[in-house]
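Peer 1: Take a look and give me a structure for this.
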Amino acid sequence: MSDETTLEEEIPLPLQMLMKSLEAHGVEVLRHNDWLLPFGQLPCVTADWLRRDHLMGTLAVVAHLEDEREVVEVFPGLGEEDGGAIAYAFESFSVGALHEMLAAIWNVRDEEDDEEGDDIAEPAEPELWHINGQDYELFEGPWQARGERLSCPELWDRLKSAIEALPLTADLHWFRVFVGGTAGAFTFEALKDSEPWVEGQELLRSLEWESGKKYGSIRNFLMLRKREAKDDATSATNTEHQEKSTLPH
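Peer 2: Numbering: from 1, shown residues only. Purely as a prediction, here's the structure:
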């Protein structure tokens, strides 16, 4: 058995998938126990799988920031075999939150083809939101929908207005909203910086939702980074904040 095979067997599958995904985006990582350090320094990130029952489990991806806060994104994985269920959940994470985390936390943004289809163009500049006297760059994931159609035409405008009214002060903030269910029996979830956001949940509950007779859900994750904090976003050569931060246990 090769050393490489032995190493992969020692690394939990979710962490293997995360490591390979980061490397595919050009991010070199160092491993410290169950944490990965992109570019060899903080912030660090990990992934963990928890089997809930014989049909499903949950994948938690956690980014540990330099100020000790943690970005926690959780995705369900469906399947009786862990391998397939973890892959299912990791695909949802890759679509819904990976690119936003890479860009906002580590300043890694995907290159895009230009309109001619041949050359590589610079990624578009993020949209700016003006909040509490500061400009924040928006890193928004796609709206992930499952099941039957579930929608609210005014959702985005109302959500943006609610966030812009908050007294945000940190260099980085993040939000997740989720709505799922059938007409008259919805579940609402709103998180700010990985903590329950009561005002956001009340907003979701107050809206008029268009839905079918069967179950449907929508989910969205976004991050906001203070404009002047861009140059301080983690890079391969910036080690200024390392003395202030420690690896999680």
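Peer 1: check contacts around G212.
Peer 2: Contact analysis of G212 by CB atoms under 8 Å, 6 or more residues apart in numbering lists 148-150, 182-183. All C-beta spots, glycine's among them, are computed from the backbone N, C-alpha and C.
Peer 1: Go through the residues you listed and flag which are in strands.
Peer 2: Here DSSP state E is the test, and these give 150, 182 as lying in strands.
Peer 1: Looking at the contacts of G212, spot the one nearest G83.
Peer 2: E148 (29.0 Å; CB to CB).
Peer 1: residue ranges with poor pLDDT in the chain?
Peer 2: Applying pLDDT under 70 to the chain flags residues 1-9, 111-123, 229-245, 249.
Peer 1: Dead centre of it: give me the residue that sits there.
Peer 2: Central residue of the chain (CA atoms, centre = their mean): A97, 3.1 Å from the mean position.
Peer 1: For it, give its distance to D193.
Peer 2: 14 Å (CB to CB, to the nearest Å).
Peer 1: does G26 count as helix, strand or coil?
Peer 2: coil (DSSP: H, G, I helix; E, B strand; the rest coil).
Peer 1: Please name the residues that touch it.
Peer 2: Here G26 is in contact with V108 (CB under 8 Å, 6+ apart).
Peer 1: And stretch 151-162, what's buried?
Peer 2: 152, 155, 159, 162 (16 or more other CB atoms under 10 Å).
Peer 1: need the contact list for the second one.
Peer 2: With contacts defined as CB under 8 Å, 6+ apart, the neighbours of L155 are L207.
Peer 1: For it, give me phi and psi.
Peer 2: Reported as degrees, to the nearest 10, the phi and psi values for L155 are phi -60, psi -50.
Peer 1: Let me see the contact set for P126.
Peer 2: 103, 137-139.
Peer 1: Pick out the most distant pair among those residues.
Peer 2: Greatest spatial distance in the contacts of P126: A103 and L138, 10.3 Å, computed using CB to CB.
Peer 1: overlap in contacts of these two?
Peer 2: Common neighbours of A103 and L138 (CB under 8 Å, 6+ apart) are 126, 223.
Peer 1: Show me which of the two is the more surrounded one.
Peer 2: A103 (19 against 16; other CB atoms under 10 Å).
Peer 1: In a helix, that one, correct?
Peer 2: Yes: using three-state DSSP, the assignment for A103 is a helix.
Peer 1: Confirm for me that it is in contact with E140.
Peer 2: No: contact criterion CB atoms under 8 Å: A103 and E140 do not qualify, at 10.3 Å.
Peer 1: about what we covered before: among the buried residues of stretch 151-162, which are located in helices?
Peer 2: Secondary structure from DSSP state H places 155, 159, 162 of the buried residues of stretch 151-162 in helices.
Peer 1: Now those residues in JSON lines, please, with extra columns for distance to L65.
Peer 2: Formatted as JSON lines, those follow (distance: CB to CB, whole Å):
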{"residue": "L155", "distance to L65": "28"}
{"residue": "L159", "distance to L65": "23"}
{"residue": "A162", "distance to L65": "23"}
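Peer 1: And those, which is closest to G216?
Peer 2: Looking across these and measuring by CB to CB, the closest to G216 is L155, at 13.8 Å.
Peer 1: Would you mind measuring from the nearest residue to W49 once chain neighbours are set aside to R51?
Peer 2: Spatial nearest neighbour of W49, excluding adjacent residues (CB to CB, 6 or more residues apart in numbering): P14 at 4.8 Å. Applying CB to CB, the value for P14 to R51 is 12 Å.
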